[in-house]
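**Student:** Sequence below, structure please.
(one chain, ligands or ions: 1)
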Amino acid sequence: MKRALITGVTGQDGMYLSRLLLSKGYEVYGLVRGQNNPKLDVIKAWAPEVKIVTGDLLDQSSLLRALNEAQPDEVYNLGAISFVAYSWENAQLTSQVTGLGVLNILEAIRLYAHDDPSKVRFYQASSSEMFGRVQEVPQRETTLLWPRSPYGVAKVYGHYMTINYRESYGMHASSGILFNHESPLRGPEFVTRKISKAVARIALGLQDQVSLGNLDAKRDWGFAGDYVEAMWLMLQQDEASDYVVSTGETHPVREYLDIAFNHVGISDWEKHVYQDPQFFRPAEVDLLIGDSAKAQDKLGWKPKVSFKELVEMMVDADLEREKPAGA
Ligand code: GDR
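**Tutor:** Residues are numbered from 1 along each chain as shown. Prediction:
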């Protein structure tokens, strides 16, 4: 039986990945931070078989302890401060957790597996946010990185540190450059879930308007359930490497709104949406579109859920959650 340790297990990807690994017969350990973490109950309900270990990406000795307890064959580093907008307000903390946290876990693995650092396979959650002011369209593994947010800068650090540990110590360390990926488990601070939740509530007569930022920003949005498969596939390869994971399609926020509102029978949705300067960012990533040819060729991976299916899945889940009890 293989063993895996997941950091960020209480997040969207951690939840999908834990179920995927459990379905493949893994013994799954999830690293959870803090005292009385409110998300603990969520992961326990979602996947009760996951064994919880406590630790913090900022505390290297806690990571060593977690590794000793889990004795993993595979480590998936999904833990991070992941909300880009927040990273301008908390740039140092984001740099520490999202950036330095990667070094802490890599170094902990190197110390733990000192006889053979390649025996623990490592996945780093890198991000399309690293492409920022894009230098090439579509973006691929070799595209020059130009991050446009403190979050993006921290992810670049983690990305290169992963490559550095692979090259310096022969670690089986792979970096997945994942474009935006969403699901009904997405946090409500991200634009897709913010919209799906608002649309459901507007359809149910529970609210009338939603305030948003830049509606012209474009993203390459896929389904998180598809993307965690790519993570797993990366660690099953003989050689570690870096892979872009994306759908190859880009859509403006406006189009997401259009599909979501039309799904609940509202076509004149503009009257329900207003733009609020507080949701605009100091610097924007305007056009993200990924070329996942390498992942498709080498991993045999491809996205299954279309953009329209994704939007409708999220709206349907929020309609279910928001409908009055007994309805
Ligand atoms: P992103 O996701 O920053 O791409 O990072 P987010 O959903 O927050 O923003 C996407 C785009 O939508 C625009 N936008 C708004 N965004 C939010 N959150 N709220 C709004 O009201 C709003 N209005 C418009 C934003 O300006 C932006 O252009 C996500 C995260 O999951 C990262 O952790 C991950 O690395 C990347 O995706 C890939």
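**Student:** Which element, helix or strand, includes Q135?
**Tutor:** Using DSSP states H and E, Q135 falls within no helix or strand.
**Student:** gap between the closest residue to it other than its chain neighbours and E136?
**Tutor:** Closest residue to Q135 apart from its sequence neighbours, by CB to CB, 6 or more residues apart in numbering: L144 at 4.3 Å. (Each C-beta comes from the backbone N, C-alpha and C, glycine too.) Relative to E136, L144 is positioned 7 Å away (criterion: CB to CB, to the nearest Å).
**Student:** V264 now?
**Tutor:** Distance from V264 to E136, by CB to CB: 38 Å.
**Student:** And P277, by the same measure?
**Tutor:** Distance from P277 to E136, by CB to CB: 31 Å.
**Student:** The two - which one has more neighbours?
**Tutor:** E136 (11 against 7; other CB atoms under 10 Å).
**Student:** For that one, give me its contacts.
**Tutor:** Residues in contact with E136 (CB atoms under 8 Å, 6 or more residues apart in numbering) are T143, L144.
**Student:** can you rerun that using 10 Å?
**Tutor:** E136 is in contact with T142, T143, L144, D291, counting by CB atoms under 10 Å, 6 or more residues apart in numbering.
**Student:** With S127 instead?
**Tutor:** Here S127 is in contact with 80, 82, 84, 98, 147, 151-152, 154-156, 158-159, 175-180, 288 (CB under 10 Å, 6+ apart).
**Student:** if we look at the ligand, which of these are close to it?
**Tutor:** S82, V84, F179, N180 (CB under 6 Å from any ligand atom).
**Student:** and which of the residues you listed is nearest to K2?
**Tutor:** S82 (26.3 Å; CB to CB).
**Student:** and the lengthiest helix in the chain, average pLDDT?
**Tutor:** Ranked by number of residues, the top helix in the chain under DSSP state H is helix 150-169. Helix 150-169 shows an average pLDDT of 98 in the prediction.
**Student:** Quick check, G158 in contact with F122.
**Tutor:** No. G158 sits out of contact with F122 when judged by CB atoms under 10 Å, with a separation of 11.3 Å.
**Student:** What's the local residue count around P48?
**Tutor:** Residues lying near P48 (other CB under 10 Å) number 8.
**Student:** part of a strand, is it?
**Tutor:** No. Assigned with DSSP: H, G, I helix; E, B strand; the rest coil, P48 falls outside any strand and is coil.
**Student:** contacting residues around it?
**Tutor:** Neighbours of P48 in contact, by CB under 10 Å, 6+ apart: L22.
**Student:** Then the one 3 residues further on?
**Tutor:** Residues near K51 by CB under 10 Å, 6+ apart: R3, L5, E27, V28, Y29, G30, E69, A70.
**Student:** ends of stretch 5-12, how far apart?
**Tutor:** 16 Å (CA to CA, to the nearest Å).
**Student:** returning to what we had before: between the ones next to the ligand among the contacts of S127, which has the most around it?
**Tutor:** Using other CB under 10 Å as the neighbour criterion, F179 leads the ones next to the ligand among the contacts of S127 with 27 neighbours.
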